[in-house]
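K.L.:
quick one, fold the following:
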Amino acid sequence: MSEAVQKLKKADRTRRALLDAALQVIGQKGFSSATVDEIVRKAGVSKGVAYYHFKSKEEMASSILDQEFALLQNEFLDLVAREQSPQAVLMGMLDVFASRLYNQKDLAQLFSTEMWRSDRAWSDGVRESAQALIDLIATQLKQGQQAGQVRKDIDPTFSAASIVGMVVVDAMYCINGAKKPLFTREEFIARIYDFVHHAIAVA
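P.N.:
Residues are numbered from 1 along each chain as shown. Okay, the predicted model is just below:
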């Protein structure tokens with residue numbers, strides 16, 4: 001392996017360590033209370049190294065949110081590409097989204113505090129990314145309406161936004177502030193499925 005490749009891999013690992021540490025610290029303490037000193041201490045790097053990779057705490061948080069939304073959007077699009085029924089795709093999206101938040105408490109906390117804020121440097125980008133997820137869910141609801149699987153009297157976009165908000169809040173309710181989660185991941189997903197099904201499905 002060439003020296004240039006080794007340096008690149010080391011830089012990637014350092015960047016990853018910083019983002020992981022930032023997610024933990026910001027998720028646990030909130031963006032305003034988190035400090036770069038805490039982040040670099042948890043990442044095990046110097047402040048100078050941190051500022052080599054990121055200009056500020058704001059850039060770290062923005063990078064985390066951009067990355068997580070991109071991963072979710074790619075997984076959603078992968079489900080759509082498999083050409084399953086709209087109902088199957090929607091349930092798959094719920095599984096992906098709910099599982100990710102259940103498995104990553106700090107991410108659930110970050111989403112719950114930052115997705116719809118309007119006073120952050122990254123707010124416009126986050127809202128656009130959140131809207132992209134909502135639009136993908138809304139498309140499946142519309143297709144479900146056309147297939148006779150989803151109630152025609154619901155507004156797809158409003159319902160999609162409600163689903164996203166519900167999953168974020170329910171993930172926090174289930175896994176935050178307790179010694180152990182109120183439900184297992186499987187139980188949590190089952191409850192999300194059941195609630196959404198009864199809210200949107202044709203009787």
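K.L.:
ok, longest helix in this protein?
P.N.:
helix 3-29 (DSSP state H).
K.L.:
which is the succeeding secondary structure element to it?
P.N.:
helix 36-43 (DSSP states H and E).
K.L.:
tell me which residues of the longest helix of the chain are tucked away?
P.N.:
Of the residues in helix 3-29, those buried by neighbour count under the rule 16 or more other CB atoms under 10 Å are 14-15, 17-19, 21-27. C-beta coordinates here come from the backbone N, C-alpha and C atoms, glycine included.
K.L.:
distance to Ser129 and pLDDT added to those residues, as JSON lines?
P.N.:
Putting these into JSON lines (distance: CB to CB, whole Å; pLDDT from 0 to 100) gives the following:
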{"residue": "Thr14", "distance to Ser129": "25", "pLDDT": "92"}
{"residue": "Arg15", "distance to Ser129": "20", "pLDDT": "92"}
{"residue": "Ala17", "distance to Ser129": "24", "pLDDT": "93"}
{"residue": "Leu18", "distance to Ser129": "21", "pLDDT": "94"}
{"residue": "Leu19", "distance to Ser129": "16", "pLDDT": "93"}
{"residue": "Ala21", "distance to Ser129": "22", "pLDDT": "94"}
{"residue": "Ala22", "distance to Ser129": "18", "pLDDT": "94"}
{"residue": "Leu23", "distance to Ser129": "16", "pLDDT": "93"}
{"residue": "Gln24", "distance to Ser129": "21", "pLDDT": "92"}
{"residue": "Val25", "distance to Ser129": "22", "pLDDT": "94"}
{"residue": "Ile26", "distance to Ser129": "17", "pLDDT": "91"}
{"residue": "Gly27", "distance to Ser129": "18", "pLDDT": "87"}
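K.L.:
from those, which is closest to Tyr102?
P.N.:
Distances from Tyr102 to the buried residues of helix 3-29, taken as CB to CB, are shortest for Gly27 (13.9 Å).
K.L.:
distance of that closest one relative to Leu65?
P.N.:
According to CB to CB, to the nearest Å, Gly27 stands 12 Å off from Leu65.
K.L.:
now the common contact residues for those two.
P.N.:
Taking CB atoms under 8 Å, 6 or more residues apart in numbering as the contact criterion, the residues that touch both Gly27 and Leu65 are Leu110.
K.L.:
tell me what the longest helix of the chain is packed against?
P.N.:
Judged by 3 or more CB pairs under 8 Å, 6 or more residues apart in numbering; DSSP states H and E, the packing partners of helix 3-29 are helix 36-43, helix 47-53, helix 57-81, helix 105-114.
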